[in-house]
Every structure is written in C-alpha cells, then in structure tokens.
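Participant: sharing a sequence plus its predicted fold:
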Amino acid sequence: MNAMNARDPQLLHKTWRYEQVAEDIAHLIACGTFRPGERIPSVRQLSRQQKVSMSTALQACRLLEDQGLIEAHPQSGYFVRSHPPIAALEPDISSPERDPAHVSVHELVMMLLRDSRNPELIQFGAALPNPELLPTKKLNHMLAAIARQASDDNRLYDIPPGCEALRIQIAQRAVLTGCHLAPNDIVTTSGCSEAISLSLRAICRPGDTVAVESPTYFGVLQVLESMGLRALEIPTHPQYGISLEALHFAIEHHPVRACVVVSNFNNPLGSCLPEESKRELVELLADRDIPLIEDDASGEIYFGERRPTVAKAYDRKGLVLLCSSFSKDLSPSFRVGWIVPGQFKAAIEQLKFTTNIATATLPQLAIAQFLASGGYDHHLRRIRRIYASQVNLMSQAVMHYFPE
C-alpha cells in the first residue's frame, strides 16, 4: 500500500500550504498589485489573511525570497525586489575632445530652466526631487516653532562657518561616509552649487584649466563659464565613473588647476566610482597637489545596503573639498548646503562672507533639529524605497515604449 501511495500522482504533485500562500503573493506581484520596491503584507498579516500559522506564513516569505521575488529589509519587513530592466546595451564610455575649451552653455541652460516650468512638458532630465515626497509640513512646523523662540541667536547672521548645531549633525553623519570630521571642519553654504562655486573661486583664476567628467552637471559648466575657466573633459563610464587612466594622461599634458567630480551618482550619468577608484583618484591628484572638488549632493539616496563612501575619506593632505546639500532629499527651497574645504577653509569662509555674509539661520536650525530627532533617517528610508521602485518602473517603460 505504501509503495502504491508513493506512486500516486495526486500525492506526487501535492502542494504544501506555504507554497499556496507564496503562489498567491507571486501572482499579485506579477499582475502589479505589489510593485518593485513596495512592501508586501507582514508575516503576521499574511497569517491572519490566509488563515495559516505564523511559521507557514514565514515559510512562504522565505520561498518568495529564494525565488528572487522579494527581499527582507531589517526591521521593515519584506519588499518586492527591483529587477533590472530588459537587457539593453549600456552606453559606451564618453569620448570628448582632448584639449581644454572655454565654456558657453548659459543660453542653453536658461532655456532648459524655463522649460522646466512648462506644465506641458514631462521632465526626464531635471535633477529635482519629487515634491510629494518631501517632509515639507514637518520642516515648516519646526521652522515656525524656532521663529517664535525669543533667542537673539535666531535673529542674527550665522556668519561662517555657520550654524554650529547643523555642523555637529553633519559631522556625526559623515562617519557613515568614511570621514572623521570635527564640526569646525565644515562651512555651511546656500546649497551645493554655492559650495562648488566657492571652491572654484578659492582655487582658480581666469584662464585656468579644470578637469571635469564628460558629461557633467550643467551647473558646474555655468560656474566655469562665469569665471572664465577652461573645461578639460575627461571620458566617463556610465557605471564606473571618470576614467582614471584618461585623467592621468590629461594632467600629464595640461596644467590642470583643479578637478571636479560627482563621485556618487553622477549627474546626468548616474555612475558611481568604486571605492578603490576613489582612493586612486585622491592619490593621483594629491601626488601633483591638484585639489579635488567632490560633489556628493545625491550620496544619501542610494538603493543598496549601505551608503557609499566619499573620496574625501582618503584625503590626507586637505586637498579634497567635499560639497553637498539637503536640496535633493529634504528641501530645495531652504537652500542649505555645506562644504568640508580642508586646507582652503580660511579662503572659503572669506569668500562666503563677502558673497552673501551667511547662510539663512532659521532653515539651518530647522534642518539641524530634523536630523537630531531621527526624522531625517526615517524620511531617507522611505524615499529610497519609493525612488528605487520608480527608477525600475521608468527603466522598464523606456525599454518598452522608446524607439531603439
């Protein structure tokens, strides 16, 4: 009897209860009920909904995880995994002109910025956060509460280096990037663009040559144009970032005064320099005493398990000027950024003061309070999941609908 039962087709194809639960969730994922980056019901919710034990629900989740459909996020539950888009040819490394050139982009950039306000156009390239995902109400509430306080400090200029409470919070977060900073190492600015502009003004003079990624953020090109600097474009890979071999060749053959690099999530390529390349980049430039201006404005919006480090972490001579802001993840309108200027700190503070005296005090205090309360980390975890899902959906749509 046992031998006959073992050959019974009904027994051979028996489906366990946890497999049925997993199959139901897999179907919901396939039909789009749960999209990439979104959280599925918790183990406890599955147990109640499917009328199964907690262990059965957990087994179902582990099966879905083994199948590559979901992934566990510590203390957050299970989320639909973001699959890579349909296979496509990745763009080749860029191949710009080898000689430095004067920059002339102002009219084109202004046209782009005007078009960004046109409601008839869908923006594919503007590096702006989704306003619906910003913690505007919380920040405004904090801003109003701080404004009502009777502190004299809140009504005065926060002259360079800027708001100490904010610089303390930035220094604490810098540990996650591989940097060990004191609050006094940091100067607050009116956004990352001002930080980059101050850096170039502290280092360069009209006619100097600046090495930049190709392509690079148009804001960098605008600053170069306004200062009468020449851009030396360096080939850049869409995944691995600036070519160190090409950069080495460039600085051997041209009098490069400074180098500007978006080390994490280049705008517009999205490339991210590998950790070893960041170290090599810093050492390559330090050997020739060439300052590196590092833009890390999008470093906190990563989709992996940990935050990528910055090139500044490998700086031993104070030649890396690390620039960033809270415009991409908290509030573009607050215009709060910062810079770690290394050996150029005195020059940066003087330029900051003579440019606009100080960064606005109240927004700095509101952001400092938001960081200290833990609200920033909670907000970042949320937008990383949503942006990861949206990037995946956009990639799939481009592959499906765009011309070859």
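Facilitator: Okay, I see it.

Participant: what's the biggest helix in the protein, counting residues?
Facilitator: When the chain is parsed with DSSP state H, its longest helix is helix 375-401.

Participant: that one: how far from the chain's middle?
Facilitator: Distance of helix 375-401 from the chain centroid (Cα atoms, centre = their mean, to the nearest Å) equals 12 Å.

Participant: quick one: buried residues of that helix?
Facilitator: Within helix 375-401, the residues that count as buried by 16 or more other Cβ atoms under 10 Å are 375-376, 379-380, 383-385, 387-393, 395. Glycine gets a C-beta too; all of them are placed from N, C-alpha and C.

Participant: other SSEs contacting it?
Facilitator: Using 3 or more Cβ pairs under 8 Å, 6 or more residues apart in numbering; DSSP states H and E as the contact definition, helix 375-401 packs against no other helix or strand.

Participant: try 10 Å
Facilitator: The elements that helix 375-401 packs onto, with contact taken as 3 or more Cβ pairs under 10 Å, 6 or more residues apart in numbering; DSSP states H and E, are strand 70-73, strand 77-80, helix 136-148, helix 164-174, helix 361-372.

Participant: tell me where the stretch 251-400 of the chain has strands.
Facilitator: Taking DSSP state E, counting those that start in this stretch as the test, the strands found in the stretch 251-400 of the chain are 256-262, 292-295, 320-325, 337-340.

Participant: and of the ones you listed, who's closest to Leu108?
Facilitator: With respect to Leu108, and counting by Cβ to Cβ, the nearest of the strands of the stretch 251-400 of the chain is strand 256-262 at 19.1 Å.

Participant: what strands line up against the closest one, and which way round?
Facilitator: strand 209-214 (parallel), strand 292-295 (parallel) (DSSP bridges).

Participant: quick one on the thing from earlier: and of the strands of the stretch 251-400 of the chain, who's closest to Pro183?
Facilitator: Among the strands of the stretch 251-400 of the chain, the nearest to Pro183 by Cβ to Cβ is strand 337-340 (10.7 Å).

Participant: wait, what's in contact with the closest residue to Pro91 other than its chain neighbours?
Facilitator: Distances taken as Cβ to Cβ, 6 or more residues apart in numbering place Pro238 nearest to Pro91, at 5.1 Å, with adjacent residues excluded. Residues in contact with Pro238 (Cβ atoms under 10 Å, 6 or more residues apart in numbering) are 90-94, 215, 266, 268-271.

Participant: distance check, Pro238 against His400.
Facilitator: 20 Å (Cβ to Cβ, to the nearest Å).

Participant: Arg306 now?
Facilitator: 32 Å.

Participant: let me see the domain layout of the protein.
Facilitator: With domains defined by automatic domain parsing, the chain comprises 16-80, 101-378.

Participant: in CSV, list the ones you listed along with mean pLDDT.
Facilitator: Output for these, formatted as CSV (pLDDT from 0 to 100):
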stretch, mean pLDDT
domain 16-80, 88
domain 101-378, 93
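
Participant: compare the ones you listed and give me the one nearest Glu404.
Facilitator: domain 101-378 (17.3 Å).

Participant: what's the first-to-last distance across stretch 172-187?
Facilitator: One end of stretch 172-187 sits 15 Å from the other (Cα to Cα, to the nearest Å).

Participant: in it, what counts as buried?
Facilitator: For stretch 172-187, the buried set under the neighbour-count rule, 16+ other Cβ under 10 Å, comprises 173-174, 177-179, 181, 183, 185-187.
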